[in-house]
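Colleague: got a structure for you, letters missing:
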Ligand SMILES: Cc1ncc(COP(=O)(O)O)c(C=O)c1O
């Protein structure tokens, strides 16, 4: 019997349930990185700068200030702590390997470009020697303005570069910024050299190479010879040739590769860094003035908390990553007698994922339990004229506590399928179809109770759990707030934020607010690996808050306006003097704002509605009072939150 079955099965027969059981069920310690825990009140706390911040207190406090759910909590202390962890891991690995170069972390702002996040990283980065990476013109505009020339913060320029992008990078060097445009194709080299001449600058130049070592996992095509970016080694040689001819080989300062995001298997990192390090030493021997070796991003986040080679996990730790990178570069350089370069990483996901939590409330539930409910005009009395599928379902029901449970399950599935096709052909009535449905769900529920705890039925039990799961309707949009859960089946830890000292008695999937059947989450982190259902509590006449964790990387700007659900409220929290305080509340989009994004004109809508109301009053279809109420409602909805607002409550 698996641990999950044990906890939930025994929960049904035993009254005791502790917060430790909840912690184990949701694997908080495994994925939480030490930053999240279940506290004695049965709430989830974030551990920020050594202080426990009860997330339910935060959400209730925000509600009292008129900021309802969904809300994104940005935990600034966790962001800072994570940056320090990265720095410490490389410092440790460099000490261990007797490394003589520096470590320079660079944050690729595409991972989360929100001002608060970037400015916090830039500020802490001044102390830690971290810089920023830009992958487009607007990103570069932000990055140049958010770094300073005094602190020697490294700026790396990746992505496709037009003349204006390159001019900006070259002029920023004149301003005193430590900036390296990375050549991704030979045209860019030409533009950099022209800009250098135009402005009288000897620019620092980087090259990105295509490694032969392939990436792995979802972003495996970021590396390898078919990758979109970077130069073939033969082209990199041409760069060297061109620079040598111009007497500018000393300008070639940085060698770069990026093998993909969320690298799940450490062997890919070992291979690619080893290959890159050898290219580095060879280029150095050819006279390039290389000083920086940029191994790109890709450090994973263990969303599953299982440290396995899987797309939502990784089979290594941060320390192992740092150690492998440093070791491979050290040995390649030492062998060739080349000076140790400054090691640059562009690990974005691993920097920011932990620091954001999306909190949402549950609005209601639906599921087979409703279909099974007796009454509602369905007569269940057996009759001689019952069609065969209904007789088969009654037969299956009679076998639900016997020895042949799987047979009963298979019979019930067949009988339901027969009932549906008979209905389609007009052989059975709507009432008989409703009865068949109800009997089927009853068979399933009884079978689940009888099978639980019996290893022989593991497969059937999983299937039953999934088909009997209720849908909990959640107040958020998957497409806006967790697009990767939809687009690439990314797993995020999701769990209730409170009542964790109570046994969860419901198994559910999550449906979001959009009118899209894809707007659902039906894969969760379970005690024994990913599961199709999430254990939660029965809804009561009070708010039920849940959290989606580790959503700080890539989710915010990739999100879209499906069904016109806009940005959620974002709240920045920081611990000061041992207590959490709100640094900033960034209100989510209003309905008027999202309409304007799509070139609608809310003001014109308002006037049009006012005219129509006026006409309706004159035609006596509406009273003046009703027209006034409609207009008031229309106007307040335009300035209101796009998400479900609880009447009289915060939105
Ligand atoms: C060039 C480059 N550097 C860094 C990153 C960041 O990767 P990650 O967030 O996985 O560390 C990316 C993202 O794919 C990238 O394309």
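Modeller: Yep, that arrived. The structure displayed is predicted, hence computed values, not measured ones.
Colleague: what's the spacing between residue 186 and the ligand?
Modeller: Residue 186 sits 18 Å away from the ligand, going by Cβ to the nearest ligand atom, to the nearest Å. (C-beta placed from N, C-alpha, C; glycine too.)
Colleague: residue 486 is in contact with residue 518, correct?
Modeller: Yes: using Cβ atoms under 8 Å, residue 518 makes contact with residue 486 at a distance of 5.8 Å.
Colleague: now for those two: what residues contact both?
Modeller: Applying Cβ atoms under 8 Å, 6 or more residues apart in numbering, one finds that residue 518 and residue 486 are jointly contacted by residue 478.
Colleague: so which of the two has more stuff around it?
Modeller: residue 486 (21 against 11; other Cβ atoms under 10 Å).
Colleague: ok, that one - contacts?
Modeller: By Cβ under 8 Å, 6+ apart, the neighbours of residue 486 are 478, 479, 518, 519.
Colleague: now do the residue nearest to the last one when sequence neighbours are not counted against residue 563, distance only.
Modeller: I take that to be residue 519. Distances taken as Cβ to Cβ, 6 or more residues apart in numbering place residue 512 nearest to residue 519, at 4.0 Å, with adjacent residues excluded. Per Cβ to Cβ, to the nearest Å, residue 512 is found 9 Å from residue 563.
Colleague: what do the two both touch?
Modeller: Contacts common to residue 512 and residue 563, judged by Cβ under 8 Å, 6+ apart, are 477, 479.
Colleague: which SS class is residue 369?
Modeller: With DSSP: H, G, I helix; E, B strand; the rest coil as the basis, residue 369 sits in helix.
Colleague: the residue lying closest to it once chain neighbours are set aside and the ligand: what is the separation?
Modeller: With Cβ to Cβ, 6+ apart as the criterion, residue 369 has its nearest non-adjacent residue at 6.4 Å, and that residue is residue 470. For residue 470, the distance to the ligand equals 35 Å [Cβ to the nearest ligand atom].
Colleague: let me see the backbone angles for residue 470.
Modeller: Backbone torsions of residue 470, given as degrees, to the nearest 10, read phi -80, psi 160.
Colleague: likewise for residue 572?
Modeller: phi -100, psi 120.
Colleague: residues near it, how many?
Modeller: 21.
Colleague: now do the buried residues in the helix or strand containing residue 432.
Modeller: Using DSSP states H and E, residue 432 falls within helix 430-451. Residues 432-448, 450-451 are the ones in helix 430-451 that count as buried (16 or more other Cβ atoms under 10 Å).
Colleague: could you do stretch 178-191 as well?
Modeller: For stretch 178-191, the neighbour count (16+ other Cβ under 10 Å) marks 178, 179, 180, 181, 182, 183, 184, 188, 189, 191 as buried.
Colleague: and those residues, which of them are in helices?
Modeller: 188, 189, 191 (DSSP state H).
Colleague: circling back: what is the nearest of the buried residues of stretch 178-191 to residue 292?
Modeller: residue 180 (7.1 Å; Cβ to Cβ).
Colleague: list the contacts of the closest one.
Modeller: Residue 180 makes contacts with 154, 155, 156, 157, 204, 205, 206, 253, 254, 292, as judged by Cβ under 8 Å, 6+ apart.
Colleague: so the third one sits in a strand?
Modeller: When you say that, I think you mean residue 156. Yes: assignment of residue 156 by three-state DSSP places it within a strand.
Colleague: could you find the closest non-adjacent residue to it?
Modeller: Per Cβ to Cβ, 6+ apart, closest to residue 156 is residue 133, 4.3 Å.
Colleague: which positions in the chain make contact with the ligand?
Modeller: Neighbours of the ligand within the chain, by Cβ under 6 Å from any ligand atom: 108, 111, 158, 258, 261-262, 296-299, 346-350.
Colleague: rewinding a little: could you dump the contacts of residue 180 into JSON lines with neighbour count added?
Modeller: As requested, these are exported to JSON lines (neighbours: other Cβ atoms under 10 Å):
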{"residue": "154", "neighbour count": "25"}
{"residue": "155", "neighbour count": "22"}
{"residue": "156", "neighbour count": "29"}
{"residue": "157", "neighbour count": "28"}
{"residue": "204", "neighbour count": "22"}
{"residue": "205", "neighbour count": "25"}
{"residue": "206", "neighbour count": "25"}
{"residue": "253", "neighbour count": "19"}
{"residue": "254", "neighbour count": "26"}
{"residue": "292", "neighbour count": "22"}
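Colleague: contacts for stretch 440-459?
Modeller: 1-2, 5, 9, 368-369, 371-372, 393, 396-397, 400-401, 405-406, 408-409, 412-413, 415-416, 460-461, 464-465, 467-468.
Colleague: just the buried ones from those residues, in PyMOL syntax?
Modeller: Provided next is the PyMOL selection string for whichever of the contacts of stretch 440-459 are buried by 16+ other Cβ under 10 Å:
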select buried, resi 2+5+368+372+393+396+397+400+405+408+409+412+413+415+416+460+461+464+465+467+468
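Colleague: sort out for me which of the contacts of stretch 440-459 are in strands.
Modeller: In strands, judged by DSSP state E, none of the contacts of stretch 440-459 are found.
Colleague: before we move on, the earlier item: which one of residue 512 and residue 563 has more residues nearby?
Modeller: residue 512 (27 against 16).
Colleague: now do the contacts for that one.
Modeller: 473, 474, 476, 477, 478, 479, 519, 520, 521.
Colleague: repeat that with 6 Å
Modeller: 474, 476, 477, 478, 519 (Cβ atoms under 6 Å, 6 or more residues apart in numbering).
Colleague: possible to save the residues you listed as CSV with secondary structure and neighbour count?
Modeller: What follows is the contacts of residue 512, written out as CSV (DSSP: H, G, I helix; E, B strand; the rest coil; neighbours: other Cβ atoms under 10 Å):
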residue, secondary structure, neighbour count
474, strand, 29
476, coil, 27
477, coil, 28
478, helix, 26
519, coil, 22
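Colleague: and of the ones in helices among the buried residues of stretch 178-191, the nearest to the ligand?
Modeller: residue 188 (14.3 Å; Cβ to the nearest ligand atom).
Colleague: for the residue of the stretch 451-600 of the chain found nearest the ligand, what are phi and psi?
Modeller: Closest contact between the stretch 451-600 of the chain and the ligand, by Cβ to the nearest ligand atom, is at residue 553 (6.1 Å). Residue 553 has phi and psi values of phi -110, psi 130 when expressed as degrees, to the nearest 10.
Colleague: neighbours around it, how many?
Modeller: So residue 553, with other Cβ under 10 Å, has 24 neighbours.
Colleague: show me what contacts it?
Modeller: Shown in contact with residue 553 (Cβ under 6 Å, 6+ apart): 111, 349, 352, 353.
Colleague: how does the protein divide into domains?
Modeller: Per automatic domain parsing, the structural domains of the chain span 3-75+356-367+469-586, 96-355, 369-466, 591-638.
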